[in-house]
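*Asks:* everything below, folded, please.
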Amino acid sequence: MKPVTTVSGTAYPWGAKNVDTDVIIPAHWLKTITRTGLGKGAFETVRAQPGNIFDDPAYAGAPILIAGDNFGCGSSREHAAWALADLGIAAVIAPSFSDIFSGNAFKNGIVTVVLPEDVIDRLIEVAKTDPVTIDLESMTVTTPFQDRFSFELDAFRRQCLMEGLDEIGLTLARDTQISKFEAGLRENRPWTLKESGYAGVAVEGVGRT
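*Replies:* Predicted coordinates for the structure are as follows:
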């Protein structure tokens, strides 16, 4: 996962409320088990409408999506986060998010920013003509017009996003502690390794299983 400290640029001034995961990525796209290619199906039903915002050249490649209340509700499909990332969206700003979607977004390096409805309305107006910047260092969303809106983010998630740590990265970051724990098992409880079928280490008198 790539580290994220700022997300800045054009933003989709959408503002739609109660956008569920089936709208983000329809069910017939869920046959894939990879994270690539889903951007083609992102917001498929919305993009079927003439003049939709996602196919407007003015917002092509926008890294930020500004949405309405309860974004990401519905099913728990992680494909929704995959589709957004594949579309190039690195952050979503909304008044509220589904808890499951917010968790999936975080695991895929997407920043979810919660701001009040009136601030969302302001950002939508700005985004129609100018860029928006999200800064995880200062925990603010700013615009070229001196707007500065503070937001909150779980400290652990903020750290992981800024350091680019997903679940695998967090595990690797604890390699020293894990190695010490395994060494302790080999020395003090070798029988537990054999009984558990653990094949990662070999101890005297106990072969790999």
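*Asks:* can you map out the strands along the chain?
*Replies:* Listed from the start of the chain, the chain has strands (DSSP state E) covering 6-9, 11-13, 64-66, 91-94, 111-114, 132-135, 140-142, 148-150.
*Asks:* now do the third one: everything it contacts.
*Replies:* Put plainly, it is strand 64-66. 7, 9-15, 84, 89-94, 120, 123-124, 127, 132, 134 (CB atoms under 8 Å, 6 or more residues apart in numbering). Quick note: C-beta positions are derived from backbone N, CA and C, even for glycine.
*Asks:* how about the fifth one?
*Replies:* Contacts made with strand 111-114 from outside it, assessed by CB under 8 Å, 6+ apart, are listed as 4, 7, 90-97, 101-102, 105-106, 134, 136, 141, 151-153, 161.
*Asks:* what ranges do the helices span in this structure?
*Replies:* All helices of the chain, identified by DSSP state H, fall at 21-24, 44-47, 79-87, 99-107, 117-127, 155-163, 167-173, 175-188, 190-196.
*Asks:* tell me the mean pLDDT over the second one?
*Replies:* Confidence for helix 44-47, expressed as mean pLDDT, is 97.
*Asks:* point out where this structure drops to low pLDDT.
*Replies:* Along the chain, the parts satisfying pLDDT under 70 run over 167-175, 183, 192-209.
*Asks:* how does it divide up, domain by domain?
*Replies:* According to automatic domain parsing, the chain comprises the domains 6-165, 174-209.
*Asks:* just those domains: most buried one?
*Replies:* Mean neighbour counts were taken over these using mean count of other CB atoms under 10 Å, and the top value, a mean of 18, falls to domain 6-165.
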